[in-house]
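Student: Could you work out the structure for the sequence below:
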Amino acid sequence: MGSRWDYMGPVTLRKPGGIVNWDPNTGDLLLAGLGDVSNSANVTVNHDNFSPRLGIAYKLTQKTVIRAGFGRTFFGGNYDSVFYHLTSSYPIIAQQTIQQTNIYQGLFPISDGPPAGAPPEFPSSGHLKPPSGTLLKPRPFDWKTEQVDSWNLTLEHQLAQDLKLSVAYVGNGGRHLAWGYNINAAPPGLGDLLPRRPYYQKFGQDNPFNYLCNCIPVSPSRPY
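Tutor: Sure thing, here's the model as predicted:
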């Protein structure tokens, strides 16, 4: 039996404005270390990452033993979810995404090329409205450390002097696993896409998102 405590702090800036998040309550980009924005772009992490370890062996009979074990591990899933995500979108990196207004129109004439992207801005307030069409890559303010639980149960029986039989169940389950999706995608339906985008309705923002979360989004749909 034992336990381990892990702490994985939030990503923090090297220079003011060096990481950026997005606030779903205001629609603002938050530039770390500027104005009232914290050095972690207002991201906090939990401090209760305790990892128990438990192993049990019990002798049922002279020839039969039960063994069981459980363990929990906290980890960072990949480079993007741990370090990179908040350092790789506007205004630090401009990733322009041009979206269709509806599924029946092209984006722009090939001969004209794409429209010019927005130049970067770093206002001293730390708050910035995202320019149209720019890819945003936020994460929740209450970030949870990814974890995996593993367990096993084994029944072992001696059949003969030099022969035994073991039957085991082994399992594991991940929790708070990081993955990204577009929270501003238009749901299925008729008509133009733009008015159906959730944050266009709320803030007038047409931006695509790569929203990194520890969640399982569920959305109902109706066939047409």
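Student: Show me where the protein has its helices.
Tutor: In the chain, the segments counted as helices under DSSP state H are 79, 198-203.
Student: how about these, which one is nearest Asn49?
Tutor: helix 79 (20.1 Å; CB to CB). In short, each C-beta sits where N, CA and C put it, glycine included.
Student: hmm, back to that, got the helices of the chain as TSV, with distance to Thr44 and mean pLDDT columns?
Tutor: Listed next are these as TSV, based on distance: least, CB to CB, whole Å; pLDDT from 0 to 100:
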stretch	distance to Thr44	mean pLDDT
helix 79	21	83
helix 198-203	23	92
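Student: Packed most tightly, which of those helices would that be?
Tutor: Of all the helices of the chain, helix 198-203 has the most neighbours on average by mean count of other CB atoms under 10 Å, namely a mean of 15.
Student: returning to what we had before: can you lay out the helices of the chain as a markdown table showing distance to Pro138?
Tutor: Formatted as a markdown table, the helices of the chain follow (distance: least, CB to CB, whole Å):
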| stretch | distance to Pro138 |
| --- | --- |
| helix 79 | 18 |
| helix 198-203 | 11 |
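Student: Would you mind saying which of the ones you listed lies nearest Gly117?
Tutor: helix 198-203 (19.4 Å).
Student: Would you mind listing the outside residues contacting that closest one?
Tutor: With contact meaning CB atoms under 8 Å, 6 or more residues apart in numbering, helix 198-203 is reached by Pro24, Thr26, Gly27, Ile183, Asn184, Leu194, Pro195, Gln205, Asp206, Asn207, Phe209.
Student: Nearest to Gly126, out of the helices of the chain?
Tutor: Using CB to CB, the helices of the chain put helix 198-203 closest to Gly126, at 17.7 Å.
Student: that older thread, mind checking which of the contacts of helix 198-203 are buried?
Tutor: Among the contacts of helix 198-203, those classed as buried by 16 or more other CB atoms under 10 Å are Pro24, Gly27, Ile183, Asn184, Gln205, Asp206, Asn207, Phe209.
Student: Of the helices of the chain, which is nearest Asp6?
Tutor: helix 79 (18.4 Å).
Student: How far away from the center of its chain is that closest one?
Tutor: Averaging C-alpha positions (CA atoms, centre = their mean, to the nearest Å) puts helix 79 12 Å from its chain's average.
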